[in-house]
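In: After the sequence you'll find the predicted model.
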Amino acid sequence: MHRSMREWWRYVRNTGLTMPQMNVMMKLFYGGGCGVSEISAHLDITAAAASQLVDGLVQKGFITRVEAEHDRRAKQIALTAEGRSLIEKGIEARSAWTRELIHHLDAERREAVSAALKHLAEAARKLETKD
């Protein structure tokens, strides 16, 4: 986990974005479009601070604001193709070491690790649904 996070931090620094900006983009990547208030709640920051983060990312071309389907007065924010690509590259940078590590395991151990990870992922999903 330490190595994975180190690769992630390195990637974020190289993009020139801040970690809060990257957190906004990750929320949009995994959760889809949402409003600024949802970003505010997700990051536990004020609506004004969330709005500033969104403004900066809109100016950089990584996210866009569009009218919400249910209420034209409300704005939804979503990743642009460029924003999605940036996140995908970050995920790739974070997981590259895992693929390298796997090559150092024999087939039997790879299978055991894969089975254990499936169980962990299932347990994590159950925890997520409790929140």
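Out: Thanks, I have the structure now.

In: For this protein, which segments are assigned as helices?
Out: Here the chain has its helices, by DSSP state H, at 2-15, 19-31, 36-43, 47-60, 81-102, 107-130.

In: what's the closest of those to E67?
Out: Taking C-beta to C-beta, helix 36-43 is the member of the helices of the chain nearest to E67, at 13.7 Å. Heads up, the C-betas are built off the backbone N, CA and C, glycines and all.

In: E111 versus the nearest residue to K27 once chain neighbours are set aside, what's the distance?
Out: For K27, ignoring the flanking residues on the chain, the nearest one in space by C-beta to C-beta, 6 or more residues apart in numbering is H42 at 5.4 Å. For H42, the distance to E111 equals 36 Å [C-beta to C-beta, to the nearest Å].

In: And I39, by the same measure?
Out: For I39, the distance to E111 equals 40 Å [C-beta to C-beta].

In: Which residue of these two possesses the greater neighbour count?
Out: Comparing I39 with E111 by other C-beta atoms under 10 Å, the one with more neighbours is I39, at 24 against 11.

In: I am finished for the moment; much appreciated.
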